[in-house]
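Trainee: sequence and predicted structure, then a few things I'm wondering about:
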Amino acid sequence: MKLIDIVKQLALGAFVGCFILCMVIVLISTLSSQSVSFDGIYLSKSILASIIIGWAFSLSGFIYNREDLPLALQVLIQMICGLTTLFLSAMILGWIPLDKGLDPFISFAVTTIIFTVIFWIGFYLYDYYQAKELNQKIRIINKEE
């Protein structure tokens, strides 16, 4: 594993984490019936947490380089790393209002897992089709030789 690969994963994780945070803020602001504002300190902490969460998901993605592990185990390892970081951050920052009972936690967990699965499938399909295209180009090159 090269340093440049780690830097790329860190950049991708930070980008995706911040992108998701921006989308959540837009959704909350748009869908809320009340006026919503975010103070600077809370927003700064949320941005930092989103970067760290993105890093947890992206760096744990290196597990897919281990061809000796089945895909299901690789996915499980990545999800445990990413979701643990996400839930800890959410509880520390108050994204989940724990004082309001178990319902907000369950809602947050279900929503998070659904979106995580959607994002994972998106990345999987992107990589799958990219590999398919590369394999096709290799076959064409091999036929020319």
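Mentor: Ah, there it is.
Trainee: and the longest helix belonging to the chain, what does it pack onto?
Mentor: For the chain, the helix with the greatest residue count under DSSP state H is helix 102-144. Helices and strands touching helix 102-144, by 3 or more CB pairs under 8 Å, 6 or more residues apart in numbering; DSSP states H and E, are helix 71-93. From N, CA and C alone the C-beta is placed, and that goes for glycine too.
Trainee: quick one, the helix it packs on and helix 102-144 angle?
Mentor: On the basis of axes from the mean of the first three to the mean of the last three CA atoms, to 10 degrees, helix 71-93 is oriented at 140 degrees to helix 102-144.
Trainee: show me which positions of helix 71-93 end up buried.
Mentor: 74-75, 77-79, 81-83, 85-87, 89-90 (16 or more other CB atoms under 10 Å).
Trainee: equivalent analysis for stretch 104-113, please.
Mentor: 105, 108, 109, 112.
Trainee: and the last one, what is it in contact with?
Mentor: Looking back up the chat, that one is residue 112. 83, 86, 87 (CB atoms under 8 Å, 6 or more residues apart in numbering).
Trainee: how far away is residue 113 from residue 135?
Mentor: Separation of residue 113 from residue 135 (CB to CB, to the nearest Å): 32 Å.
Trainee: pick the one among the contacts of residue 112 closest to residue 13.
Mentor: Nearest to residue 13, judged by CB to CB, of these is residue 86 at 12.1 Å.
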